[in-house]
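K.L.:
Structure of the sequence below:
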Amino acid sequence: VTGFLSVLAGIYIGIKGWWLGEKAARLFVLAWFVYLFFISWFLAELASLIPASDLGGYALAIGSVLELALLSIAFADKVNQEKELRLSSQSQLMDVQIAMNAELEEQVRKRTRELEEANQRLEILSTTDGLTGLLNRRRFDECYAEAYFDACRTGSPLAVLMIDIDHFKLLNDEYGHRFGDACLVDAGRLIHEVTENHNAICARYGGEEFVVILPGADAREAQALAESLRQAFAAHEVSAYGMSRRMTVSIGLTVNSPVDSDAWEKLLQAADSLLYRAKRNGRNQVAFLMESSA
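P.N.:
Okay, the predicted model is just below:
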């Protein structure tokens, strides 16, 4: 009777698990139900409710064997379920990890792009004059040295234009430094616009002085560009802070096909000397000299 009640309790537990969605509970219920059947058979023969038989004497043993087999199958099914759940969890965890790695890689790429852009901006700031937008003196020296050595190697001509705004100190004194800065901004823009199609290297050389390098330009091309620059300045009117003023420039131009790689300063000095000649001769003009090879 105790065994009978225990089996009923097992069946109840199995049905409860089945109701809660546990797949293995079906086999669990079946195992206890089979055992209940054979216990009932045994008790019925024992109480003479049904005729006794040789097979009935082994009813408990048969029920136990069948119950054990079904419970073993249920246990194996439960183990498989746990294994599938574990594999599923591992797969989900792997998917989450892959997604996190992908997101991390994207963040790294984004951060790398931001750093590259920041480095490019820093590079531009470190090589560009903040007021005029042209190259600064340090970057110009590097570019000029490269252009000069290339000209020495290839035997091609190299033109140098030194440009200075006429009477800039008086302009600053009369109109103020803010208006003077506006003149420098316009000067940088005019130089860029006139030279942008000539493979030119343009820089603010210092104060109100600018320099333009024309790699590969012959004398005629360099003279034409210098005159175009002079005319562009003479025709332009600077307007800022409620004031307007025209400005002119003096230009020293020299063209050379250098052969001595150690004489790179000579070409700059020659253009600078011609610039002061243009100023002594009345300003607003181009002073030109075709140098012999140096």
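K.L.:
Show me which positions of stretch 69-87 end up buried.
P.N.:
Leu70, Leu71, Ala74, Asp77, Lys78 (16 or more other CB atoms under 10 Å). In short, each C-beta sits where N, CA and C put it, glycine included.
K.L.:
Can you verify my assumption that the first one contacts Val29?
P.N.:
No: here Leu70 does not reach Val29: they are 9.4 Å apart, not a contact under CB atoms under 8 Å.
K.L.:
can you redo the buried residues of stretch 69-87 as CSV with pLDDT, distance to Ala61 and secondary structure?
P.N.:
CSV is the format used below for those (pLDDT from 0 to 100; distance: CB to CB, whole Å; DSSP: H, G, I helix; E, B strand; the rest coil):
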residue, pLDDT, distance to Ala61, secondary structure
Leu70, 70, 15, helix
Leu71, 71, 16, helix
Ala74, 69, 20, helix
Asp77, 72, 25, helix
Lys78, 72, 26, helix
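K.L.:
Low-confidence regions, the stretch 151-294 of the chain specifically.
P.N.:
290-294 (pLDDT under 70).
K.L.:
mind redoing it with 50?
P.N.:
Within the stretch 151-294 of the chain, the stretches with pLDDT under 50 are 292-294.
K.L.:
Gly252 sits in which helix or strand?
P.N.:
Element membership of Gly252, judged by DSSP states H and E, is strand 249-256.
K.L.:
go on, Ala271?
P.N.:
helix 264-280.
K.L.:
What angle do helix 264-280 and the next helix or strand after that helix make with each other?
P.N.:
Sequence order places strand 286-290 as the next helix or strand after helix 264-280, per DSSP H and E. Strand 286-290 and helix 264-280 meet at an angle of 140 degrees, taking axes from the mean of the first three to the mean of the last three CA atoms, to 10 degrees as the criterion.
K.L.:
Not counting its own residues, what contacts strand 286-290?
P.N.:
219, 223, 226-227, 230, 250-256, 270, 274-275, 277-278, 281 (CB atoms under 8 Å, 6 or more residues apart in numbering).
K.L.:
Partner strands of the strand holding Gly252 and their direction?
P.N.:
strand 158-165 (antiparallel), strand 286-290 (parallel) (DSSP bridges).
K.L.:
any idea which of those strands is most buried?
P.N.:
Mean neighbours per residue, mean count of other CB atoms under 10 Å, is largest over the strands paired with strand 249-256 for strand 158-165, with a mean of 26.
K.L.:
In which helix or strand does the residue nearest the centre of the chain reside?
P.N.:
Per CA atoms, centre = their mean, the C-alpha nearest to the average position across the chain is that of Arg113, at 1.5 Å. Here Arg113, judged by DSSP H and E, is contained in helix 59-127.
K.L.:
on contacts alone, who are the packing partners of that helix?
P.N.:
helix 25-46, helix 137-154 (3 or more CB pairs under 8 Å, 6 or more residues apart in numbering; DSSP states H and E).
K.L.:
out of these, deepest packed?
P.N.:
Mean neighbour count (mean count of other CB under 10 Å) peaks for helix 25-46 among the helices and strands packed on helix 59-127, with a mean of 19.
K.L.:
and that one, what other elements does it pack with?
P.N.:
Helices and strands touching helix 25-46, by 3+ CB pairs under 8 Å, 6+ apart, are helix 2-19, helix 59-127.
K.L.:
Could you identify which of those helices is most buried?
P.N.:
helix 2-19 (a mean of 14).
K.L.:
Skipping adjacent residues, who's closest to Leu275 in space?
P.N.:
In space, and not counting its chain neighbours, Leu275 is closest to Gly252: 3.1 Å by CB to CB, 6 or more residues apart in numbering.
K.L.:
The one you found contacts Met162, correct?
P.N.:
Yes: the pair Gly252 / Met162 is scored as a contact, 4.3 Å apart, by CB under 8 Å.
K.L.:
Which residues are in contact with Pro51?
P.N.:
Taking CB under 8 Å, 6+ apart as the test, what Pro51 contacts is Glu45.
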